[in-house]
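> 3D model of this:
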Amino acid sequence: MTTLEEYWASTATPKPRKTPKPKKALQRCADCGLQSWGARCRRCQLNALRPPLDPCTACGTAMHRTSTPVEDRAPGSVIRGTRGLCSTCTSREARAAKGVTSRGGRGKGHGRKMRAVLPVPSSDSSPLTFDEELQAACARADGDAWFPEQGETAHQAKRVCETCPIQARCLAIALAAPKQEEGIWGGTSKRERAKMLEQRAAVAA
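Down below sits the predicted model:
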């Protein structure tokens, strides 16, 4: 005798099995060589549709986009900035708007930021007295912060110097012996003090 389950199993029509779609194989882009799902990756397709960039309106240097492959970039070109400028001129305008200039560094447009307003030194460059040494703010802080190693910053030491009552005297002593005084003196670095001495010589001339 056939049970109900066996009857329904014999009369039910089997569902057709779905054929899995073949997976796309990764390829190498014909332009940049990166992996892509087609002959050319999406980045290279967009770069082919974009018009070439005009030179920088300020310095005339050729520009390229960050997505442009290295082999397609013009020799000597730089990354595009804003408002038709290259990245170097864009950063130079931003520094000028903040009132800072660049000094030294890796090349044109690069360098450390210099403060537009430096501390005013005192007219007295004689050695500090014992009472003045006790008033110095650096006497109660870590002395290593005033002599940073290469790659370290001196922001902490300069902030302490801004609150020191004898900052002007300390700066005057360092300017009187520029070749001997290393580190941070009067809230300025050796590079900043050299800049102040250059300005003094230009005014005296």
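> okay, domains of this protein per the record?
What automatic domain parsing lists as the domains of the chain is 51-117, 118-204.
> hey, least reliable of these by pLDDT?
With a mean of 69, domain 51-117 has the lowest mean pLDDT of these.
> surely Cys59 touches Cys89?
Yes - counting by Cβ atoms under 8 Å, Cys59 touches Cys89, with 5.8 Å between them. Every residue, glycine included, has its C-beta placed from N, CA and C.
> which one of the two has more residues nearby?
A count of neighbours by other Cβ atoms under 10 Å puts Cys89 above the other of Cys59 and Cys89, at 20 against 14.
> send the alpha carbons of the lengthiest helix in the chain over as CSV?
Across the chain, the longest stretch assigned as helix under DSSP state H is helix 190-204. The C-alpha coordinates for helix 190-204 follow below in CSV (Å, rounded to 0.1, in the frame of the first residue of the first chain):
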residue,chain,number,x,y,z
LYS,A,190,69.2,78.9,15.5
ARG,A,191,67.7,79.2,12.1
GLU,A,192,65.3,82.0,13.2
ARG,A,193,68.1,83.8,15.0
ALA,A,194,70.2,83.7,11.8
LYS,A,195,67.3,85.2,10.0
MET,A,196,67.1,88.0,12.5
LEU,A,197,70.8,88.7,12.1
GLU,A,198,70.4,88.9,8.3
GLN,A,199,67.6,91.4,8.7
ARG,A,200,69.8,93.5,11.1
ALA,A,201,72.7,93.5,8.6
ALA,A,202,70.3,94.5,5.8
VAL,A,203,69.0,97.4,7.8
ALA,A,204,72.5,98.5,8.8
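> from the chain's centroid, how far away is it?
27 Å (Cα atoms, centre = their mean, to the nearest Å).
> Asp124 contacts Cys170, correct?
No - Asp124 lies out of contact with Cys170 (Cβ under 8 Å); the separation is 10.9 Å.
> which of the two has more neighbours?
Cys170 (25 against 10).
> tell me how far that one lies from Ala154.
Taking Cβ to Cβ, to the nearest Å as the measure, Cys170 falls 14 Å from Ala154.
> same check, this time on Glu132
Glu132 is 22 Å from Ala154, by Cβ to Cβ.
> neighbour count winner among those two?
Neighbours were counted for Glu132 and for Ala154 using other Cβ under 10 Å; Ala154 has more, 17 against 14.
> so what's that one up against?
Ala145, Trp146, Pro148, Ile184, Ser189 (Cβ atoms under 8 Å, 6 or more residues apart in numbering).
> by neighbours, which of the residues you listed wins?
Ranking the contacts of Ala154 using other Cβ under 10 Å puts Ile184 first, with 24 neighbours.
> need the phi and psi values for His64.
phi -140, psi 160 (degrees, to the nearest 10).
> okay then, goodbye and thanks.
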